[in-house]
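Chemist: when you get a sec, could you give me coordinates for this:
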Amino acid sequence: MSARTAAPSVKRSIESSKKPLGSVPTLTAVDQVDTSFLETLLGYNARRAALTIIEVFLERMAKFGLRPVDFSVMSVIEHNPGVTSRQLCAALNLLPPNLVGLIQSLEARGLIHRRPHPTDGRAMGLHPTPEGSALMQQAEQAATDLEIECSSRLTAAQRKTLLDLLQKIYL
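Modeler: Reported below is the predicted structural model:
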């Protein structure tokens, strides 16, 4: 179609969209929502999958008193006793000011304690307490169980492939 033939139809559609003031616009109904374009986007799909899992995660972690960030921090401390706040921030992409209150809260709950770092006199290592380790053993099992449930339509091999592919994006 040439520009010459396109112009009149554009003009007609603009003119037909002009309605007198006070007139009611024509309403249309959508029987089925088309999300086909969104479904081609990695971010959209990753976000939808994450929301599905996070909803269940929040419910299951509530009994442990853990939010997603608390769970992540505690898991890193559990699996890396002596980790420093700086290392935690780097590993989890957290801002230091956001970690300060979180560490204080976990310490006040008796889940972690600080000890001097063996080689850096300025740093403190973060260690799980026996209570923190017991809590994380239960919480990590609950997290594993819920992810298996939420991804039940995947085989174990597909789940591993999905994890590998997602990690290629951010690691």
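
Chemist: what's the neighbour count on residue 88?
Modeler: If you count neighbours by other C-beta atoms under 10 Å, residue 88 ends up with 20. Using the backbone N, CA and C atoms, a C-beta is placed for each residue, glycine as well.

Chemist: sort out which residues of stretch 133-140 are buried, please.
Modeler: Buried residues in stretch 133-140, defined by neighbour count with 16 or more other C-beta atoms under 10 Å: 133, 135-136, 139-140.

Chemist: residues making contact with it?
Modeler: By C-beta atoms under 8 Å, 6 or more residues apart in numbering, the residues outside stretch 133-140 that reach it are 61, 64, 66, 71, 74-75, 78, 111, 128.

Chemist: which of those residues fall in strands?
Modeler: The subset of the contacts of stretch 133-140 located in strands under the criterion DSSP state E comprises residue 128.

Chemist: any idea which of the contacts of stretch 133-140 is closest to residue 34?
Modeler: In terms of C-beta to C-beta, no member of those lies closer to residue 34 than residue 61, at 35.4 Å.

Chemist: any idea how many residues pack against that closest one?
Modeler: Residue 61 sits with 18 neighbouring residues when counted by other C-beta under 10 Å.
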